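# here is a sequence with its predicted model. Questions after.
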Amino acid sequence: MGSVHLRALRELPGAELAAVCSSDPRQLTGDLTASQGNLGGPGEVFDFSGVSRYAEVPALLEDASVEAVDLCLPTHLHEEVAVQALRAGKHVLVEKPMALDGDSARRMIAAARDAGRTLMCAQVLRFFPEYKALRDALPRFGAVRGAFLRRRCAAPAWGGWLRDASLSGGGAFDLLIHDIDMCLHLFGYPKAVSATGGSESLLAQLFYDFGAVTVSGGWQQASAFPFGMEYSVTLEGGTIEFRSAGLAPTVFTATAEPLSVETRDGYAAEIEYFLECCRTGREPERCPPRESAAAIDLMHAILGACERNGEKLLCSNPA
C-alpha cells in the first residue's frame, strides 16, 4: 500500500513527499519493485533523491518538515505508531484496518483529540468511483430492501505477516473490513449478525429493520485466483449492481441504465480529502475514525458469530 499511496501522491500538486521510512534498505533507495498487493503486479522505482530517508520511526517523527504521516504498516503496529505520531504533532492517515480491535482504535482517536490533530483511516472504498456512484444513487430509487457485497482474492504469497492472524486479524478481517465499513456507511450499524466460515473466508448476514445484507469473501487458497469485488443493492424502485469482472455500476429498472461514474483514482481522492481536512482543521466527516472503529467492532462480532455456526446474535455499536 505504500507503493500505491506514493503513486497517488504524484497526482496531488498540493502535497509534498518530505520523507519516507522503512526497515528495508532496498526500499529506501526507491526500489519498490518487489512490492505488490491484492491486485497483483510488481511495484516500481521511485525517485527519493530529494526526500529524507529514515530506517526508524522515532527519527522520522523528529523531522520538523513532516506535517502528516501516512502509515502503511502491518496492522498490529498501527496503534503504537499512530499514537507516537499524533503526540509528535503530526496528522495521521492510517491504512485499514485501523487497528486490530476497537479499543485500540478508540485510543488512537483519543490521542488525536488530545493532540488537536487530524486522524483518518484509509477506508478507500468510500472514495472508489464505483462505490461513490452507488452511494449517490441510493436516494433516487426508494427504500433499501436488501444487499449483497463480496470481495475475494488469492491468499497472499507476499507480506508474511498477513498470514499470521495475531498480526493482521486474518484474511477475512483484513479484506472484508472494506465491505463492512461500506455497510456502516450506507446502512448504519445492524441490530444482529450471523455468520459461517472462519478467519480466512466467511459468509455473514447483517440484519436491519429493512431486511438483511449479505457480506461474503476472503482469501482463496488457489494462487491463481483473481482479485474481485462486487455489490448488488435491491431497492424499492430498482436494483443497482457492480462487478469488477465486467459490469460497471448499473441500475436495473424496466431498463438497464449505467450510473455516472467518476474517473478519479480513489486513492488520490482519499489522500486529497485527508490533506484538505488537515489544512482546514475539519473533522473527516466523509470517513470519520469513529466509524472505522465501529467497523472493527462489527468484524469481531461477525468472527465471533462464525464460532456459533450461523446462529443469529444481537449486537450493538460500542462506539
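Arrived safely, thanks for sending.
# now for residue 126: which residues touch it?
With contacts defined as CB atoms under 8 Å, 6 or more residues apart in numbering, residue 126 is in contact with 132, 135, 181, 182, 185, 270, 286, 287. Bear in mind the C-beta positions are built from the backbone N, C-alpha and C, glycine included.
# mind redoing it with 7 Å?
185, 286, 287 (CB atoms under 7 Å, 6 or more residues apart in numbering).
# same check, this time on residue 123
Contacts for residue 123 were tallied using CB under 7 Å, 6+ apart; they are 96, 178, 181, 287, 292.
# okay, helices next: where are they in this protein?
Counting by DSSP state H, the segments of the chain that form helices are 2-9, 25-28, 57-61, 78-87, 102-115, 129-137, 165-168, 171-187, 266-280, 289-306.
# so can I have a markdown table of those showing mean neighbour count, mean pLDDT and distance to residue 237?
Written out in a markdown table, the entries for these read as follows (neighbours: other CB atoms under 10 Å; pLDDT from 0 to 100; distance: least, CB to CB, whole Å):
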| stretch | mean neighbour count | mean pLDDT | distance to residue 237 |
| --- | --- | --- | --- |
| helix 2-9 | 19 | 93 | 36 |
| helix 25-28 | 14 | 94 | 50 |
| helix 57-61 | 17 | 97 | 51 |
| helix 78-87 | 21 | 98 | 41 |
| helix 102-115 | 19 | 98 | 36 |
| helix 129-137 | 19 | 98 | 11 |
| helix 165-168 | 16 | 94 | 40 |
| helix 171-187 | 23 | 97 | 16 |
| helix 266-280 | 19 | 97 | 27 |
| helix 289-306 | 23 | 97 | 27 |
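# with respect to residue 46, which of the ones you listed lies nearest?
For residue 46, the closest of these is helix 2-9, at 5.7 Å, according to CB to CB.
# which residues does that closest one contact?
Under the criterion CB under 7 Å, 6+ apart, residues 15, 17, 32, 35, 37, 43-44, 46, 70, 72, 265, 267-268, 271 lie in contact with helix 2-9.
# buried among those residues? Make that a PyMOL selection.
Only the buried members of the contacts of helix 2-9 end up in this PyMOL selection, burial being decided by 16 or more other CB atoms under 10 Å:
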select buried, resi 15+17+32+35+37+43+46+70+72+265+267+268+271
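# just the contacts of helix 2-9: which are in strands?
Among the contacts of helix 2-9, the members falling in strands are residue 70 (criterion: DSSP state E).
# okay if I get the contacts of helix 2-9 as CSV plus distance to residue 230?
What follows is the contacts of helix 2-9, written out as CSV (distance: CB to CB, whole Å):
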residue, distance to residue 230
15, 32
17, 34
32, 29
35, 26
37, 19
43, 27
44, 28
46, 32
70, 28
72, 26
265, 20
267, 20
268, 23
271, 25
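# so which of the contacts of helix 2-9 sits lowest on pLDDT?
Of all those, the one the model is least sure of by pLDDT is residue 37, with 61.
# tell me the domain ranges of the protein?
Domain segmentation of the chain under automatic domain parsing yields 2-122, 125-314.
# first vs last residue of the longest one, how far apart are they?
Distance between the boundary residues of domain 125-314 (CA to CA, to the nearest Å) amounts to 27 Å.
# try the first one
Its first and final residues considered, domain 2-122 spans 12 Å by CA to CA.
# centre of the chain to it, how far?
Here the centre of domain 2-122 is set off from its chain's centre by 14 Å, with CA atoms, centre = their mean, to the nearest Å.
# repeat for the longest one
Distance of domain 125-314 from the chain centroid (CA atoms, centre = their mean) equals 9 Å.
# picking up where we left off before, as JSON lines, the helices of the chain with distance to residue 236 would be great.
Converted to JSON lines, the helices of the chain look like this (distance: least, CB to CB, whole Å):
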{"stretch": "helix 2-9", "distance to residue 236": "37"}
{"stretch": "helix 25-28", "distance to residue 236": "51"}
{"stretch": "helix 57-61", "distance to residue 236": "51"}
{"stretch": "helix 78-87", "distance to residue 236": "40"}
{"stretch": "helix 102-115", "distance to residue 236": "34"}
{"stretch": "helix 129-137", "distance to residue 236": "13"}
{"stretch": "helix 165-168", "distance to residue 236": "39"}
{"stretch": "helix 171-187", "distance to residue 236": "15"}
{"stretch": "helix 266-280", "distance to residue 236": "29"}
{"stretch": "helix 289-306", "distance to residue 236": "26"}
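# of all those, which one is nearest residue 122?
Across the helices of the chain, the minimum distance to residue 122, taken as CB to CB, is reached by helix 266-280, at 6.0 Å.
# give me the contact list for the closest one.
4-5, 8-9, 11-12, 14-15, 68, 91, 93, 118, 120, 122, 124, 127-129, 284, 286.
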